Every structure is written in structure tokens, then in C-alpha cells.
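*Asks:* Sequence plus the predicted model coming up.
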Amino acid sequence: MALLLALLMTLTCTAALAENTKHERVYAVTGADGALKSLTDNIRLENAEGLDEITDRTMLTEIENVNGEETFALQGEALTWKAGGKDITYQGTSEKPLPVTPVVTLRMDGEEITAEAMKEKTGRAELTVAYTRTEAVPHLALTILLLPERGVSNLTLENALQLSMAGRRAVVGWGVPGADEALKLPDSFTVSFDADRVELDWMMTFATAEPVEKVWREVSSRIGTDVHGEMDEAFRIVEALEKGEALPETTGMTKGISPKINELNAGLTALNDGAGKLAEGAGALSGGLTTLSENSEALNTGAEAIFAAILNTANQQIQASLSESGLTMPELTAENYREVLTTGISEMKLLGVFSEQARTGAESLEALMEQLGQVETFVSGVHAYTGGVDQAAEGAKQLAAGAVTLHDEGTETLRTEILGAEEQAAGKILPWMEKYLRTAVRVYEETGAQVSEMGYDLRPEGMKTVTLYIIRTDL
């Protein structure tokens, strides 16, 4: 039991600080109903600076030095000690109410009962410890109840746990009286058990605001001093997200968020716009090539008609020339003109040995074959061009369809989904921020103001105060 008490005291104590500190240990004895029977405030003035004199403030009476021979002078509330560089430990008493008092309610089978009456009763018992308070300062309170060796079984605990040490059982319950209601922290605990003529003696409670202050100081160190400025900037960002607007510039902890999200959203818009322009351009290209492709057959037919007309004219001229000489030559076609003219040229050249007219005819046929070759090349070129146009038109058609899909089902969907997700998330976060963030800031500010006033005795100027309440409750 002594080890457990030492552990609890260690958890609620503060180590030596590098500043003059007023350590209070307020020992009190109360009844089950919370009535104060006795109180002693044991104070250690930690003289970290080694001062010859330490000035304290107090409202205690019956002050005495309990750890030395140093003397003091009391003028009103000002208490000055001749410290000589040493720590001072003194004690006094007061009728000031405790800021936190455990009040015990006992019931057996639903009816209130006293601990004395329980010694003769058997039934289902319920012990509730409620921490009443006289100050707004939130405290962490731990109560230990040593259970008797017999008469208690089938425990049910709420905000408490059971410990076992050296064969004895104890219940440790807790609460945070004075905590803001929004935190939903308990301010009482309950122990239910089967009682068989059980003898309950006393319980011990340790209470201090020091853990609350430490939490508050840790939060303060992390969020800085301009809490409202940080909160307002956070609200502006979320509200802009919800409306789908560009995020405003901020200067606090959120200053790196707005540029990144704005950059993302601008990139999504630019990507989508680019995909839209690509779809428009691909559509225009496909339309133009399709129009050209629709004229391919006419171009091919026209080119072939030109070739046929030239061949027809050439045939007429050749037949007219040959009719005078009695010679004949097959009719020229697109498929045979080279072969026929080559044969004719060869024959003319043989005759040209004996006839100037034959030599001239051979030259004319060579010139005709060259002209017809150029026309054939033109016709082949037209066919190649129209074939390329047809192929390009089909490719452009597929490109246009892909570009439309990229825009409609790709970049547009991506942009819509991401921006929609931002707006949806902001819409959910904003009510949460309204409900919890503003409450958290209020609790933070109010708690800071409260813990600055913690302590039982008066707080000396420029000296930190650490207070632990050790309350014995007689059941």
C-alpha cells in the first residue's frame, strides 16, 4: 500500500525547477459527506536562485518553520523569510474550502446507507465518489480505496480499476472535476459489489491541476499565441474550398497549403482546357480530311479521264500519219503504250537509215512516249495522294474520337472528381470545425485563464506555484 501511495504521489508531483517555486502539499481530512475536519498546508519555497530573503504571499495562520531555524516576518499577506540561500519549508492552516472535495454516496439494494450500517447488512452495494469543487480550475483527481480482506466480491467498476498488491485489493478511481463539459471527462467514479457485512474504513485522494497546466502549456508551445488568427485562416481556406474558389493566401501554419492546392487546381483546369482544345482541333482536322477524302474518287476519275483523252488524241494523230505510209500500229492504251511505242520507235529507226521521214517519225514517237509517261506519273501521283488522304482521314477520325474521350471521360472527369472531392470534404469539415475547433479554442483559452489561478494559498509575484492535495476521507 505504501508503494502504491508513493507511486501516485510521484505521478502528481513536479521535479525541481530552475526557478523559485512554491510547492504546496495540502493535507486534509474530510468526512464521507465532504465536511472538512482538519487541514494543514505544507509549503516548500524552492530557493533556486539562492536568495538571502524570499518573499511569499499567504493567508495561512499558525505558521511555523518545520525544517530549520530560519525566521520570518508577516505583514498583511506578505511573508518574508530570512532564507540565507536555503529552501524554506513551513506549514500553516486555513479555513478556506478545498477546491476539490470527494463526496461519498453509499447505497445497498438501491437505498442510501452509511458505512457503519453496512457492517450489519448483506446485499448489492454501490459506492460513488463525486468530486465537488469550489473553484473553476480543472483538477485531475485520483482516489484509492483499500478493500477489506473479506466481504467484497463481484466488483463492477466505472472510471476505476482494481489493483492487487501483497495479497490486498484496492480500487483506484479518477475524475477531472472542473473540466469543460465539451471535453466529456468524468467527475466521479462508481464501484458496485456484493457486500457481506463489509467494513469500509477510509480512502485517500490525490488532486492537482499541474497535469492540466502541463497539457495547456504543451498545446500553447505547439500552436503559438495567435490562436484566433490561425483559426480564422483555416476557416477561410475551408470555406474557399467548399465554394470552389481559389484559396486565399495565409501567413500562419496554413501558409504552405493554399499555394499547393491552387497549383493543383490550376493544373487540372489547364490540363482539361488543353484536352478540350485538342479535341476541337482533332475534330476540325478530321472534318477537313473527310471532305478531301469524299473528293478522292472524283480526282482519280478526272486524272484517268485526262490520261484517256491524251491517249485518244495520240491514237488519232498516229493513225493519220500511218495511213499515208500504209503502216499500222496497235491502238495505244494506258496499259500498253510503252510497249507499242517502243516497238514503233525501233521499227522507225530501222527505216530511218533509208528515210528522213522515218527518222522524224521515230523522234516524234519518243517525244510522245515521254509525254505519256509524265501523264501516267501524274495519274499515279493523284492515286497516291487520294489514298493518303483517305488513310489520313480515317486516322484523324480515330484521333478525334480519342481526343473527345480523353477530354470528356478523362481530364474533365479527373478535374470534376478532384474539385468535387475538395468541395465535398470541405463541406463535411466546415461543420466539424464550427462545432469542435471553436469549442477547442474556447476551452484552451478558458483553461489557460483557470490554471493561472491554481493553488490553495496565495500566489507570490513572479514565483511558480505547484499544489498537490492529499485528502483522507473517513467513511
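*Replies:* Perfect, thanks for sending it. Only a predicted model underlies this, so the values are computations on that prediction, with no experimental measurement involved.

*Asks:* show me where this protein has helices.
*Replies:* For the chain, helices defined by DSSP state H occupy the ranges 2-11, 115-118, 210-223, 227-243, 257-294, 296-325, 337-351, 356-405, 412-432, 438-451.

*Asks:* Counting by contacts, list what the fourth one packs against.
*Replies:* Using 3 or more Cβ pairs under 8 Å, 6 or more residues apart in numbering; DSSP states H and E as the contact criterion, the elements in contact with helix 227-243 are helix 257-294, helix 412-432, helix 438-451. C-beta coordinates here come from the backbone N, C-alpha and C atoms, glycine included.

*Asks:* wait, which of the ones you listed is closest to residue 366?
*Replies:* Using Cβ to Cβ as the measure, helix 257-294 is the one of these that comes nearest residue 366, at 37.3 Å.

*Asks:* In this structure residue 66 contacts residue 89, no?
*Replies:* Yes: here residue 66 lies in contact with residue 89, judged by Cβ atoms under 8 Å, at a distance of 5.5 Å.

*Asks:* Looking at the two, which one has more neighbours?
*Replies:* residue 89 (17 against 13; other Cβ atoms under 10 Å).

*Asks:* Tell me which residues touch the nearest residue in space to that one that is not next to it in sequence, please.
*Replies:* Leaving out its chain neighbours, the residue that sits closest to residue 89 by Cβ to Cβ, 6 or more residues apart in numbering is residue 67, at 3.7 Å. When contacts are counted by Cβ atoms under 8 Å, 6 or more residues apart in numbering, residue 67 is found next to 88, 89, 90.

*Asks:* ok, 10 Å please
*Replies:* Remark: with contacts taken as Cβ atoms under 10 Å, 6 or more residues apart in numbering, residue 67 is in contact with 42, 44, 86, 87, 88, 89, 90, 91.

*Asks:* circling back to that earlier point, which of the helices of the chain comes out lowest on mean pLDDT?
*Replies:* If the helices of the chain are sorted by mean pLDDT, helix 2-11 sits at the bottom with a mean of 49.

*Asks:* The residue lying closest to residue 160 once chain neighbours are set aside and residue 124: what is the separation?
*Replies:* Among residues not flanking residue 160 along the chain, residue 173 sits closest, at 3.7 Å (Cβ to Cβ, 6+ apart). Counting by Cβ to Cβ, to the nearest Å, the gap from residue 173 to residue 124 is 18 Å.

*Asks:* These two: who's more crowded?
*Replies:* For the pair residue 173 and residue 124, the greater number of neighbours falls to residue 173 (26 against 14), based on other Cβ under 10 Å.

*Asks:* Pretty sure residue 163 is one of the things the more buried one touches, is it not?
*Replies:* No: with contact taken as Cβ atoms under 10 Å, residue 173 and residue 163 are classed as non-touching, separated by 11.3 Å.

*Asks:* Name the residues contacting each of those two.
*Replies:* Between them, residue 173 and residue 163 share the neighbouring residues residue 144, with contact defined by Cβ under 10 Å, 6+ apart.

*Asks:* And the residue nearest to residue 89, what's its pLDDT?
*Replies:* The per-residue confidence score, pLDDT, reads 90 for residue 67.

*Asks:* quick one on the thing from earlier: tell me which of the helices and strands packed on helix 227-243 lies nearest to residue 168.
*Replies:* Nearest of these to residue 168, taken as Cβ to Cβ: helix 438-451 at 35.7 Å.
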